[in-house]
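**Student:** Structural data only, the sequence is not supplied:
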């Protein structure tokens, strides 16, 4: 089992920044891929970004490229999502997820509880 705890969400004005954190514990060695997904009210959950623990390869949705940066701290078993130039359409609950393999389709084995990000115009 892998436990994931997100933090760092909040309310920010358009153009502002937030940094989300995802602390992983448990059998973290079994999950090479760490992803961030988000779900806005009335919409389906969508892929935001992902990173591989080994090698650090990163993946981004087109909608966040150039604005969001995913990174990892292996010593702290923590993954970060730095979000800059935030837009109202970035408003959503953001979820951290872990799986042995990367994908952008949401089929991750472990999920956190989510953290709310609200961007005001």
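**Tutor:** Looks like it came in fine. Everything numeric here is computed off the predicted structure, so don't read it as measured data.

**Student:** Show the contacting residues for residue 31.
**Tutor:** When contacts are counted by CB atoms under 8 Å, 6 or more residues apart in numbering, residue 31 touches 2, 24, 53, 98-100, 109-110. For the C-beta atoms, the positions are set from N, CA and C on the backbone; glycine is no exception.

**Student:** And residue 107, by the same measure?
**Tutor:** residue 99.

**Student:** Look up how far residue 57 lies from it.
**Tutor:** Counting by CB to CB, to the nearest Å, the gap between residue 107 and residue 57 amounts to 18 Å.

**Student:** Repeat that for residue 43.
**Tutor:** 27 Å.

**Student:** With residue 37 instead?
**Tutor:** With CB to CB as the criterion, residue 37 and residue 57 are 18 Å apart.

**Student:** So the two - more neighbours on which side?
**Tutor:** residue 37 (24 against 12; other CB atoms under 10 Å).

**Student:** Mind listing residues that contact the host helix or strand of that one?
**Tutor:** Assigned by DSSP states H and E, residue 37 falls within strand 33-39. Residues outside strand 33-39 that contact it (CB under 8 Å, 6+ apart) are 20, 22, 24, 45-53, 70, 72, 79, 81, 90, 92-104, 106, 108, 114, 117.

**Student:** how far does stretch 9-16 sit from the chain's center?
**Tutor:** Centroid separation for stretch 9-16 versus its chain: 16 Å, with CA atoms, centre = their mean, to the nearest Å.
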